[in-house]
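Peer 1: Based on what follows, work out the 3D shape:
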Amino acid sequence: MRDSFRFRQEVGELVTILRGKPRVLITAPAVADGDSVGSQLALEHMFHRVFPDVEVRIVNDEPPAERYRTVTGIERLLTPETLAERGETLTFDVGIAVDGGIDRAGRLFEVFDRCKHRIFIDHHAISCPYPYSLSIVSPQATSATEIIYAISRLAPFRTPLVPRFAEWLYLGLVCDTAVFRNPNTTPEVLELAATLRRSGFDAIRHGHDVMTERSVAGLRLLADTVTRAQFECGGRVVWSTVMQAQLDRFGGCPDDREGIVDALMTTRGVEVAALLFELPDGGTKVSMRSRGLIDVAALAESLGSGGGHRKAAGAEMSLRPSDAAGMILRKLEDELAAEDAASQRPLRREGEALPCGLTF
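Peer 2: Residues are numbered from 1 along each chain as shown. I've put the predicted structure just below:
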């Protein structure tokens, strides 16, 4: 990402806000992934370094998943319960939502909504609308940590790449590129990864292992879910489900579904993979991947509370997984049919003269 200076005006506004010594909330989607975790910790580090008198708290709806237990500073990620145990209130002057719209922040939505300044830092092409006071958004960025790195290169936030800061930025890169395997792994991302690794942090322990590790329950859940995968649209769509009963049977947790949709996407001939996860309230969370022919971010947005990137997106639906699957498959069938029709459309009508006078 080479457009750091495009954020100069927004960063200037952020600096003005922080100079007022406000109490700052940094939050993220309820089930924070590696990019969310890395972004929050990196942002807090930058703020404390430049504005030591600013009180910053990282608070999410849920505690971080077990896979992030080795991340430096992970104990600073709080929940409303752990914040209350410290005798602190959920009252802030500034709210900052990173790596996803505030609509995905669960109980922190109302806390954020009460803040005088509401700031959004994200890299997703599509997210639900909200009247943010300030937005720093770049869909060209691979991850939210890539945007935060860009901010860290601008005055007054110029931040040395000490190992822990580099670790947090790197975590976002490996998470949102699936350890540099996804098509969004640009030369610039690899250059940034090399720059970060030169800081000396343990990139295997704090990056690769975090994203590839599975619990025993997660391994069994992966095997069971892949075994039940179904193929539609002539094998161009693969989908499966993770039900609450499965999690209970294997003794798993929601984090154990991480990476399953990517495993489905490795199937030869597949254009789109979808994983439907049953929520405790009976609704459905869907994760989708695409090779690029189908824009799954647009599809996710059409489902309601959803968004993401053209090749990786998700949504939450109030429907049961079986009903949600029917809706998604119908939309995919229509979109694939439209793409097929467009690709087979003749350039000229039969019998129409070519420039040389011949016909076909």
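
Peer 1: okay, CA-based contacts and neighbour counts for the rest of this
Peer 2: OK.

Peer 1: for the chain, what spans make up the strands?
Peer 2: 23-27, 55-59, 77-78, 94-98, 117-122, 134-137, 230-232, 237-242, 272-278, 284-290, 305-308, 312-317 (DSSP state E).

Peer 1: so what's residue 265 up against?
Peer 2: The contact partners of residue 265, by Cα atoms under 8 Å, 6 or more residues apart in numbering, come to 238, 271, 272, 273, 289, 290.

Peer 1: And the residues you listed, which is closest to residue 14?
Peer 2: Set against residue 14, the nearest of the contacts of residue 265 by Cα to Cα is residue 289 (34.2 Å).

Peer 1: Identify the residue spatially nearest to that closest one, adjacent ones excluded.
Peer 2: Leaving out its chain neighbours, the residue that sits closest to residue 289 by Cα to Cα, 6 or more residues apart in numbering is residue 312, at 4.6 Å.

Peer 1: ok so, going back, make TSV from the strands of the chain and add mean neighbour count and distance to residue 250 to it.
Peer 2: Shown next, in TSV, are the strands of the chain (neighbours: other Cα atoms under 10 Å; distance: least, Cα to Cα, whole Å):
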stretch	mean neighbour count	distance to residue 250
strand 23-27	25	31
strand 55-59	21	30
strand 77-78	20	27
strand 94-98	26	32
strand 117-122	22	34
strand 134-137	18	39
strand 230-232	13	21
strand 237-242	24	11
strand 272-278	26	15
strand 284-290	25	20
strand 305-308	24	29
strand 312-317	23	24
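
Peer 1: Can you lay out the ones you listed as JSON lines showing mean pLDDT and distance to residue 208?
Peer 2: Converted to JSON lines, the strands of the chain look like this (pLDDT from 0 to 100; distance: least, Cα to Cα, whole Å):
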{"stretch": "strand 23-27", "mean pLDDT": "98", "distance to residue 208": "24"}
{"stretch": "strand 55-59", "mean pLDDT": "98", "distance to residue 208": "24"}
{"stretch": "strand 77-78", "mean pLDDT": "98", "distance to residue 208": "21"}
{"stretch": "strand 94-98", "mean pLDDT": "98", "distance to residue 208": "22"}
{"stretch": "strand 117-122", "mean pLDDT": "97", "distance to residue 208": "23"}
{"stretch": "strand 134-137", "mean pLDDT": "95", "distance to residue 208": "26"}
{"stretch": "strand 230-232", "mean pLDDT": "97", "distance to residue 208": "30"}
{"stretch": "strand 237-242", "mean pLDDT": "98", "distance to residue 208": "25"}
{"stretch": "strand 272-278", "mean pLDDT": "97", "distance to residue 208": "23"}
{"stretch": "strand 284-290", "mean pLDDT": "95", "distance to residue 208": "21"}
{"stretch": "strand 305-308", "mean pLDDT": "82", "distance to residue 208": "23"}
{"stretch": "strand 312-317", "mean pLDDT": "91", "distance to residue 208": "20"}
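
Peer 1: right, and the ones you listed - which one's nearest residue 33?
Peer 2: strand 94-98 (11.2 Å).

Peer 1: Show me what the closest one is packed against.
Peer 2: On a contact count with 3 or more Cα pairs under 8 Å, 6 or more residues apart in numbering; DSSP states H and E, strand 94-98 meets strand 23-27, helix 34-50, helix 108-113, strand 117-122.

Peer 1: and the angle from the second one to strand 23-27?
Peer 2: On the basis of axes from the mean of the first three to the mean of the last three Cα atoms, to 10 degrees, helix 34-50 is oriented at 160 degrees to strand 23-27.

Peer 1: Helix 34-50 packs against which elements?
Peer 2: Judged by 3+ Cα pairs under 8 Å, 6+ apart, the packing partners of helix 34-50 are strand 23-27, strand 55-59, strand 94-98, helix 144-152, helix 163-176.

Peer 1: and the direction of the longest one versus that of helix 144-152, what angle?
Peer 2: The directions of helix 163-176 and helix 144-152 differ by 140 degrees, with the same axes, to 10 degrees as the criterion.

Peer 1: quick one: residue 74 and residue 204, what's the gap?
Peer 2: Separation of residue 74 from residue 204 (Cα to Cα, to the nearest Å): 17 Å.

Peer 1: Compare the two and say which is more crowded by neighbours.
Peer 2: In terms of neighbours (other Cα atoms under 10 Å), residue 74 is the more surrounded of residue 74 and residue 204; the figures are 15 against 10.

Peer 1: Give the full set of residues in contact with that one.
Peer 2: Counting by Cα under 8 Å, 6+ apart, residue 74 makes contact with 41, 64, 68.

Peer 1: Any chance of these in JSON lines with neighbour count as columns?
Peer 2: Output for those, formatted as JSON lines (neighbours: other Cα atoms under 10 Å):
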{"residue": "41", "neighbour count": "25"}
{"residue": "64", "neighbour count": "22"}
{"residue": "68", "neighbour count": "21"}
